[in-house]
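Engineer: With the input below, show me the fold.
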Amino acid sequence: MSIENMARKVKELKGKGHANREISQEMHLSQATIEWLLAKQATDNFDEQLPPDVKVGWRTIGVSGSRINSIAEIMADVILEEQEKHGFDLNMVAGLTNNGIPLAIIISDLLGIDFGMIRPSREGTEINYASNYAGLKDKHIVIVDDVVSTGTTAKEAINFIKQNNGIPVLTMVLINKKADDELESVPLRALIRARPVRN
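Structural biologist: The predicted structure is shown next:
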């Protein structure tokens, strides 16, 4: 997707009332990139350099239940590898809405553990937990999402789990755009690590 097309999409989502954080999650771009795209639109002579970022699109996977299932199987295998490596207990997987949910449901089924859903905060709302699913208290929890860009959403989920007497043991994502191998002292694993390289 070209810069112009990204800018057009950002403007469209902003016009629909989406907050910058919501747009960054929807487009799999960092919030800094969203802010840059919005500022670029605001002036004709904007000349600041685009923040380093990687545009992620995984629609080829997302349009097919069998492909999502295959990715979830790989993620479940990595989770078991991390469990063996770090020796943590594991009895729940919590998916982050929206894109972590399908993966987390399948992982929960594959590993035979409880499933939960965490809704990250949006503008004007606080992080919350869907009460129709397994509770967090005293559970050893793997957090599942699609992409870590800045880590803000995953860190928010980790701290929310801790505040609700759960034990976050791993964050598992499809793509990690950071150099970090942990967030808030919780291991972070990804199937793909994507980082911009600069001279």
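
Engineer: and residue 188, bridged to which residues?
Structural biologist: residue 171 (DSSP bridges).

Engineer: Tell me which residues touch it, please.
Structural biologist: When contacts are counted by CB atoms under 8 Å, 6 or more residues apart in numbering, residue 188 is found next to 148, 151, 154, 170, 171, 173, 176, 178, 180, 181, 182. Where C-beta positions appear, they are placed from N, C-alpha and C, glycine not excepted.

Engineer: any idea which helix or strand carries residue 25?
Structural biologist: Assigned by DSSP states H and E, residue 25 belongs to helix 20-27.

Engineer: Show me what counts as buried in that helix.
Structural biologist: Going by neighbour count (16 or more other CB atoms under 10 Å), the buried part of helix 20-27 is 20, 21, 22, 23, 24, 25, 27.

Engineer: Then stretch 129-141?
Structural biologist: Buried-residue list, stretch 129-141, by 16+ other CB under 10 Å: 129, 133, 134, 136, 139, 140, 141.

Engineer: ok, what's across the strand from the closest residue to the second one other than its chain neighbours?
Structural biologist: Looking back up the chat, that one is residue 133. Nearest residue to residue 133, sequence neighbours excluded (CB to CB, 6 or more residues apart in numbering): residue 116, at 4.6 Å. Here residue 116 sits in beta bridges with residue 94, as judged by DSSP bridges.

Engineer: Could you give the number of residues near residue 116?
Structural biologist: 23 (other CB atoms under 10 Å).

Engineer: Report pLDDT for it.
Structural biologist: pLDDT recorded at residue 116 is 96.

Engineer: now do residue 46
Structural biologist: 55.

Engineer: and the gap between residue 106 and residue 29?
Structural biologist: Residue 106 sits 26 Å away from residue 29, going by CB to CB, to the nearest Å.

Engineer: cool, residue 195 as well?
Structural biologist: Counting by CB to CB, the gap from residue 195 to residue 29 is 14 Å.

Engineer: Neighbour count for those two, which is higher?
Structural biologist: Ranked by neighbour count (other CB under 10 Å), residue 195 and residue 29 place residue 29 first, with 25 against 12.

Engineer: now the strands for the protein?
Structural biologist: In the chain, the strands defined using DSSP state E lie at 92-96, 114-119, 128-129, 140-148, 167-176, 182-183, 186-193.

Engineer: quick one, the first one and strand 140-148 angle?
Structural biologist: So the one you mean is strand 92-96. Counting by axes from the mean of the first three to the mean of the last three CA atoms, to 10 degrees, strand 92-96 points 30 degrees away from the direction of strand 140-148.

Engineer: in strand 92-96, what's buried?
Structural biologist: Buried, per 16+ other CB under 10 Å, within strand 92-96: 92, 93, 94, 95, 96.

Engineer: Let me have the residues you listed in CSV, extended by pLDDT and distance to residue 69.
Structural biologist: Formatted as CSV, these follow (pLDDT from 0 to 100; distance: CB to CB, whole Å):
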residue, pLDDT, distance to residue 69
92, 98, 20
93, 98, 15
94, 98, 19
95, 97, 15
96, 95, 19
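
Engineer: tell me how far the lengthiest helix in the chain is from the chain's mean position?
Structural biologist: Using DSSP state H, we find that the single longest helix of the chain is helix 65-86. Centroid separation for helix 65-86 versus its chain: 16 Å, with CA atoms, centre = their mean, to the nearest Å.
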